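Chemist: need a 3D model of the sequence below.
(chains A and B)
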Protein chains: 2
Amino acid sequence: MTATYQHRSDLIRVTYKVLSDTLIDPEKKAKAIALGQTTDTWTPTDLSGKKQLAKYTAAILGIDERTHVEGHPYEYYLTIGFPPANTEDDIPSLLTMIFGKPSMDGRIRVESIEFPDDYLKGKGPRFGVLGIREKVSEPEKPLAMAIFKPCVGLSPTALGEMFYELACGGMHLVKDDEIMPDLSICPTEKRLEACLKAGQRAKQETGQTTLYAINVTGTAGHIVSKAKKLAKLGAQCFLLNVLSYGYGVLEELRDIGVPIMAHPALAGAWCGSADRGFAYSVVLGSLMRLAGADIVLFPSSYGTVALPPTETKSIKEALTWTMGPFAKTFPAPSAGIHPGLVPVLLKDYGTDVIINAGGGVHGHPKGSRAGAKAFRQAINWVTKRGNFGGISEREFPELAAALRLWGKR
Amino acid sequence: MTATYQHRSDLIRVTYKVLSDTLIDPEKKAKAIALGQTTDTWTPTDLSGKKQLAKYTAAILGIDERTHVEGHPYEYYLTIGFPPANTEDDIPSLLTMIFGKPSMDGRIRVESIEFPDDYLKGKGPRFGVLGIREKVSEPEKPLAMAIFKPCVGLSPTALGEMFYELACGGMHLVKDDEIMPDLSICPTEKRLEACLKAGQRAKQETGQTTLYAINVTGTAGHIVSKAKKLAKLGAQCFLLNVLSYGYGVLEELRDIGVPIMAHPALAGAWCGSADRGFAYSVVLGSLMRLAGADIVLFPSSYGTVALPPTETKSIKEALTWTMGPFAKTFPAPSAGIHPGLVPVLLKDYGTDVIINAGGGVHGHPKGSRAGAKAFRQAINWVTKRGNFGGISEREFPELAAALRLWGKR
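Modeler: I've put the predicted structure just below:
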């Protein structure tokens, strides 16, 4: 049973999935959210319903009651439209409005969120797929990225050396691990200095620009000014643990003029349950893109820490489908990636993808530089041929060694 | 089966619950977290295991494998100790370390977190239960708090009038609704001005101080300085949607010198699932207290938006049990609270509780002031008598009317 309500493109449209072991009145539930999260209270008062409040009230835009299957919970999809004017035009006040209290009200999950065109103005990625491609002079093919492994405990000099090897191997990007904060044993600024130098040195040899994605961390009062300082010192890309620091920080970094890579740390706590929290495509897709992420990392469906393919597909779609005037955000499926997966990565993501590896680079029998080369060789070959057929061990010894070690799909 | 490992009180001790439909090797799983979230990678490299990394490596402190019950998942409790030195001494870098990637790795939930005594230094609530009691001159009894209802769409003047009524009725605190941000129709500073004036006017009549908890919102670059400005303008208490803005903001507000009330908005997304995310007692208990919350709001187990009693009990315990030198944080169970629940609130929480109501105040047949009076009457009576037995309708007409409307438990 599906009830149709008014269409309101001026509102922020949120679809909630609600599960219940008993039959509920979905309209009553939708009304409770629409009123409770805007102008009204659960208990009517003298002031509720007054005309002055009407433009701040949310509207029910759709109710979809799925056919009930014996032995399964009742399942409802409620779409509510919220006035953008009730927020401060930022994601924290948006989240409080759409899911602050409702998140605690039983089995309810935010499945999708759509925005009025007006709302998108001034938001979204500043660089996106094309901007990142321009920076590394790679107009078409998938990009290759490596993560520092190990990381915590190493000195800036050691990381600079690792960066140099990876850059010489041809990586388009090298990123900090997300667990690497600003520690006295390896201060962020020193890391930046060492890696920028290593990158310049490698570029003189190879001609390839390798962007360093540096982890931006710090206290709430200083993280934004710290990022600005890193930009002045030459930072080429920011890595941000968005859910640890808040989407508000991502929104503020957007205007510094440095590309931003969003890390999914904690996303499993927000999105891991099928009947609570948020869909991954909302948290790592729509909201990251809205807030300005140029690249979004997420667990691939291939590795040990893996998301189901339906989830990774929906994240990729939310990052790349048409969303007002927004640039596409680069999907960067991660974890368990090795060169043998390049054909399946291209099949699942097309060429607008960043192929990101840690162990799958550093674990190469000939070391990190060879691991990086193996990835570039795989990307170059598979982009042309679609698979590894006809590959010559003599021509591509690094790739051949990687395929022997990790296999291929 | 329970394996015992070393005791390390110098480490941050995190206990994870891991569920699996098939038998797993819990030690392997624990090791993967301990190494993967600190110095190592999933794939060993030349540099891993080097001595320089040892002090940054996490340790397995305990593995508890529950007896398996046919038809249920296998259940493991893994306790890992993390070096505090791997963090920036703040909660965002702590969260990334303990649960960044693991949150996305299947059915895993953070059940508890404990800190070394050294780590607690300089952290925790600045006011706590005693500090708040002092501010409202109420040394012993439960405190009464009201929420503005409705809120979004009302002017500062209208809210000031509502504040006056609630304060005259005897409320110790009045709080903004969490969905009330800083909007041009009702700017935060104007709201503060109107409510402080209303509070002064009421105090002249009643002698009672009523603290106004004002919602602190804003962009990441400005929210801390905004709070400082509100403090200068006389703010008596901050309300913060901690999970929307990040624990980092709470940590920064701690040192401004104004008591802080933490709102649980979004907590259901983090804690609602039994096999993902965090236990409520971690997110709304241990971490809120660590970050400096003097008061923590959470859904009571009595209302429509309700948590199970086991959850509310564990939140209350984490806010009030011995935690190094920390002051106790005031629990404020909310949602669905009316005067008839005062006996059960006292039974469940003792006297160190803030009794918080919206509809249960404003929905009183004689209006908000009478609703406030009914709460104070209930608290005064039940603190002495334990229940409503022997209450005189003539002496307490407001309470009697409330009990007739909402009943009692």
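Chemist: list the contacts of the most centrally placed residue in chain A.
Modeler: Centroid-nearest residue in chain A, with Cα atoms, centre = their mean: residue A:296, separated by 3.0 Å. Going by Cβ atoms under 8 Å, 6 or more residues apart in numbering or on different chains, residue A:296 touches A:261-262, A:264, A:284-285, A:288-289, A:315, A:319, A:329-332. C-beta: built from backbone N, CA, C; applies to glycine.
Chemist: out of these, which touch chain B?
Modeler: When contact is defined as Cβ under 8 Å from any Cβ of the partner chain, the contacts of residue A:296 meet chain B at residue A:264.
Chemist: possible to save the contacts of residue A:296 as CSV with distance to residue B:197, secondary structure and pLDDT?
Modeler: As requested, the contacts of residue A:296 are arranged in CSV below (distance: Cβ to Cβ, whole Å; DSSP: H, G, I helix; E, B strand; the rest coil; pLDDT from 0 to 100):
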residue, distance to residue B:197, secondary structure, pLDDT
A:261, 48, strand, 98
A:262, 44, strand, 98
A:264, 47, coil, 98
A:284, 46, helix, 98
A:285, 46, helix, 98
A:288, 43, helix, 98
A:289, 44, helix, 98
A:315, 50, helix, 98
A:319, 49, helix, 98
A:329, 48, coil, 98
A:330, 53, strand, 98
A:331, 53, strand, 98
A:332, 53, strand, 98
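Chemist: nearest to chain B, of the contacts of residue A:296?
Modeler: Chain B has its nearest neighbour among the contacts of residue A:296 in residue A:264, at 6.7 Å by Cβ to the nearest Cβ.
Chemist: now the closest one: how far from residue B:69?
Modeler: Separation of residue A:264 from residue B:69 (Cβ to Cβ, to the nearest Å) stands at 33 Å.
Chemist: flag every residue of the stretch 301-409 of chain A that's near chain B.
Modeler: By Cβ under 8 Å from any Cβ, the residues of the stretch 301-409 of chain A that approach chain B are A:304-305, A:307, A:335-336, A:358-360, A:362-363, A:367-368.
Chemist: mind checking which of the residues you listed are buried?
Modeler: By neighbour count, with 16 or more other Cβ atoms under 10 Å in any protein chain shown, these hold A:305, A:307, A:335-336, A:358-360, A:362-363, A:367-368 as buried.
Chemist: what residue ranges in chain A score low on pLDDT?
Modeler: Across chain A, the ranges flagged by pLDDT under 70 are A:1-4, A:41-53.
Chemist: where along it do the strands fall?
Modeler: Assigned strands in chain A, in chain order: A:2-4, A:12-20, A:59-65, A:74-82, A:108-114, A:143-147, A:173-175, A:211-215, A:237-241, A:260-263, A:277-278, A:295-299, A:330-334, A:354-357 (criterion: DSSP state E).
Chemist: angle of the third one against strand A:12-20?
Modeler: Calculated by axes from the mean of the first three to the mean of the last three Cα atoms, to 10 degrees, strand A:59-65 forms an angle of 40 degrees with strand A:12-20.
Chemist: same deal with the fifth one?
Modeler: For strand A:108-114 against strand A:12-20, the angle between stretch directions is 160 degrees (the same axes, to 10 degrees).
Chemist: spit out the contact partners of residue A:17.
Modeler: So residue A:17 contacts A:75-77, A:108-109, A:111, A:275 (Cβ under 8 Å, 6+ apart).
Chemist: which among the residues you listed end up buried?
Modeler: Buried by 16+ other Cβ under 10 Å: A:75-77, A:108-109, A:111, out of these.
Chemist: kindly identify which of the residues you listed also come near chain B.
Modeler: Contacts with chain B within the buried ones among the contacts of residue A:17, counted by Cβ under 8 Å from any Cβ: residue A:108.
Chemist: the buried ones among the contacts of residue A:17 into TSV, with extra columns for distance to residue A:131?
Modeler: Below are those laid out as TSV (distance: Cβ to Cβ, whole Å):
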residue	distance to residue A:131
A:75	41
A:76	41
A:77	36
A:108	37
A:109	33
A:111	30
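Chemist: and the residue nearest to the centre of chain A, how far from chain B?
Modeler: 13 Å (Cβ to the nearest Cβ, to the nearest Å).
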